[in-house]
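In: Would you be able to build a 3D model of this:
(one chain, ligands or ions: 2)
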Amino acid sequence: MSKRPDTLLLVDDEVDLVRGLARALEHALSIRVLTAGSGHEALGILEREAVALVVSDISMPEMDGMALLTRILEADPSQTVILMTAYGTIDVAVSAMKAGAWDFIQKPFAPDDLVRLVNRGMERHRLLRENRELTAKLAQHSGPAIVGKSQAMIRTLDTLGMLGQSDVTVLIRGETGTGKDLAARTIHESSKRKGKPFVTVNCPALPEGLLESELFGHKKGAFTNADKEKVGLFDEADGGTLFLDEIGDLSPSLQTKLLRVLQNREVHPLGAPSSHTIDVRILAATNQGLEAKLKDGSFRADLFYRLNVASVVMPSLREIPEDIPLLVEHFLFKAAKEMGQAPKKLSPALMAAVTSRQWPGNIRELENTLTGWAALTRGELIDLCELPSRQGDASSEFDPFFVPYLEQKEQIIERFTRDYIHRLLSETGGNIALSARKSAIKRQSLQKIIQRYGIDATFYRK
Ligand SMILES: Nc1ncnc2c1ncn2[C@@H]1O[C@H](COP(=O)(O)OP(=O)(O)OP(=O)(O)O)[C@@H](O)[C@H]1O
Ligand SMILES: [Mg+2]
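Out: Ligands and ions are numbered 1, 2, ... in the order given. Model (predicted):
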């Protein structure tokens, strides 16, 4: 990863303000700050430089902040943009968010507030960049994208990469929706069998009699309805990989037959005079406690050991909560691409709810929920109140009111207090005594609040 500091581009026609803010940001965040006095100048810089974050004023002569925002997002829909709006133009700020700005800040503001916001914006930028790098890395092996940067996920990715280098049989374990299917494809795509067939057999989906002829094939007339010869899935996968999904549900007689294939590497189609050899790598997956089935004898131990030559366990979402924001961005990107729209994003409150909620259906449930939200909300910012009512919707278990009450209340009070104090101080020119009188807050309490929120009252001195 490069050591170069991230670059921020500050756009405003008020030259003095720009200079002061640039210095404050460089000092507080050790980032590189470039400045532009107009939208046109900003676009020129963006063409030449890799910019992590753009902070732009909304009201500028010629090209205003909204027009600049549109031009920036046309070139790169994932660019993080913060707009500075004049006080009292909340409707402008809202349309900026809808047009794809990542956040906004109302003027006048204390430099510290901008520092904090920029810091979060940089976080978002890094998250997106890591996601892209990870996807690119995986694409080199042309495998499907497994997203995640938690310790557990990195370890799993390493294991999958190693398994791709070998040709052993692998048992992929993990709860429902943890990405076992994706893992099997990843192993195949990173192996020397890439480009050859990858065939999935969903074991419980087929009745026993059918599954046997599906797997091994049959000759014409092998049984009553066999009026045509059928090539089995093992033969279809020849040279490639056969993925046996939900292996725990395989019937005892098929377990025996599968064991024979694994031992001898040959198959015997029904009604054929003899068997023939095959060159197929076997991957298997299960979301059940196979140990219990081994104990009560419903799954053959010898088959288990043949399948479990190597194994990998896909982590549940409970074990990797730190990957949730990355997965959210990933699935919203994916949904946007499919719908041909700019990616939507979650409001901070909704993101907090998504992160703290339990996801029994793991990544699959998270993906389905987000895809649904992306399709059902109009604005670019998905918020609690935007979500359609859940009445009669049994398919979605998501309850947005899962944000703990106190947490939600705190967030709202904080936002309100911050706005209130800034407005107060800007009206009184930073005069504490006057502010206390106007707001009917005791002077000492006011000072405490100002301190707690890290607001710089001197900033408002006229
Ligand atoms: N780490 C990940 N990054 C990105 N997408 C993922 C990840 N893990 C799973 N997914 C996506 O989540 C969905 C469910 O994954 P998958 O079908 O591989 O799970 P599974 O473990 O096979 O589930 P089941 O037990 O229900 O068969 C898929 O759309 C998959 O692309
Ligand atoms: Mg699966």
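
In: how much space between the residue in the stretch 151-300 of the chain that ligand 1 sits nearest to and residue 317?
Out: Residue nearest to ligand 1 within the stretch 151-300 of the chain (CB to the nearest ligand atom): residue 179, separated by 2.8 Å. C-betas here are computed from N, CA, C, even on glycine. The gap separating residue 179 from residue 317 is 10 Å, by CB to CB, to the nearest Å.

In: Might you report the residue contacts of the residue of the stretch 151-300 of the chain closest to ligand 1?
Out: Taking CB atoms under 8 Å, 6 or more residues apart in numbering as the contact definition, residue 179 lies against 146, 314, 362-363.

In: Sort out which of the residues you listed are buried, if you could.
Out: Neighbour-count burial (16 or more other CB atoms under 10 Å) applied to these gives 146, 314, 362-363.

In: So which of those residues sits lowest on pLDDT?
Out: Model confidence across the buried ones among the contacts of residue 179 bottoms out at residue 146, which has 89.

In: my read: it touches residue 154, true?
Out: No - between residue 146 and residue 154 there is no contact under CB atoms under 8 Å: 10.4 Å.

In: Mind listing the shared neighbours of those two?
Out: Here residue 146 and residue 154 share no contacting residue, scored by CB under 8 Å, 6+ apart.

In: which bits of the stretch 351-462 of the chain sit near ligand 1?
Out: 363-364, 367 (CB under 6 Å from any ligand atom).

In: same deal with the chain?
Out: When proximity is defined as CB under 6 Å from any ligand atom, the chain approaches ligand 1 at 145-148, 174, 176-182, 287, 330, 363-364, 367.

In: Select only the buried ones of those in PyMOL?
Out: Burial among the residues of the chain next to ligand 1 is assessed by 16+ other CB under 10 Å; the matching PyMOL selection reads:
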select buried, resi 146+147+148+174+177+178+179+180+181+182+287+330+363+364+367
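
In: any idea which helix or strand comes after the host helix or strand of residue 199?
Out: Assigned by DSSP states H and E, residue 199 belongs to strand 198-202. Once strand 198-202 ends, the next helix or strand along the chain (criterion: DSSP H and E) is helix 208-216.

In: Just give me the neighbour total for residue 98.
Out: 12 (other CB atoms under 10 Å).

In: give the contact list for it.
Out: Here residue 98 is in contact with 379-381 (CB under 8 Å, 6+ apart).

In: Centroid-nearest residue for this structure?
Out: For the chain, residue 327 is the residue whose C-alpha lies nearest the centre (CA atoms, centre = their mean; 1.6 Å).

In: Wait, that one touches residue 362, no?
Out: No - using CB under 8 Å, residue 327 is not in contact with residue 362, being 10.2 Å away.

In: Next, the distance between the ends of stretch 186-206.
Out: 25 Å (CA to CA, to the nearest Å).

In: What average pLDDT does that stretch get?
Out: Taken as a whole, stretch 186-206 has a mean pLDDT of 91.

In: With stretch 94-104 instead?
Out: For stretch 94-104, mean pLDDT rounds to 87.

In: got the buried residues for that stretch?
Out: Buried-residue list, stretch 94-104, by 16+ other CB under 10 Å: 96-97, 99-104.

In: if you look at those residues, which of them are in strands?
Out: Judged by DSSP state E, those include 103-104 as members of strands.

In: Mind giving me the packing neighbours of the helix ranked longest in the chain?
Out: Secondary structure of the chain per DSSP state H: the longest helix is helix 111-140. In terms of contacts (3 or more CB pairs under 8 Å, 6 or more residues apart in numbering; DSSP states H and E), helix 111-140 is packed against helix 15-29, strand 53-57, strand 80-86, strand 103-107, helix 324-339.

In: which parts of it are buried?
Out: 111, 113-115, 117-118, 121-122, 124-125, 127-128, 131, 134, 138.

In: and residue 220, how many neighbours?
Out: Using other CB under 10 Å as the criterion, the residues surrounding residue 220 number 10.

In: residues touching it, list them.
Out: Per CB under 8 Å, 6+ apart, neighbours of residue 220: 226-229, 271.

In: how about 7 Å then?
Out: For residue 220, the contacting residues are 226-229, by CB atoms under 7 Å, 6 or more residues apart in numbering.

In: need the next SSE after the helix or strand harbouring residue 410, C-terminal direction.
Out: According to DSSP H and E, residue 410 maps onto helix 405-428. Using DSSP H and E, the helix or strand that follows helix 405-428 in sequence is helix 432-439.

In: Now do that following helix: everything it contacts.
Out: Helix 432-439 has contacts (CB under 7 Å, 6+ apart) with 424-425, 428, 442-443, 446-447, 457.

In: one step back: what do residue 327 and residue 362 both touch?
Out: Here residue 327 and residue 362 have no joint contacts, going by CB under 7 Å, 6+ apart.

In: Regarding stretch 42-55, how distant is the last residue from the first?
Out: First residue to last in stretch 42-55 (CA to CA) measures 10 Å.

In: Now that stretch: buried residues?
Out: 42-43, 45-46, 51-55.

In: Farthest pair within those residues?
Out: 43 and 52 (16.5 Å; CB to CB).
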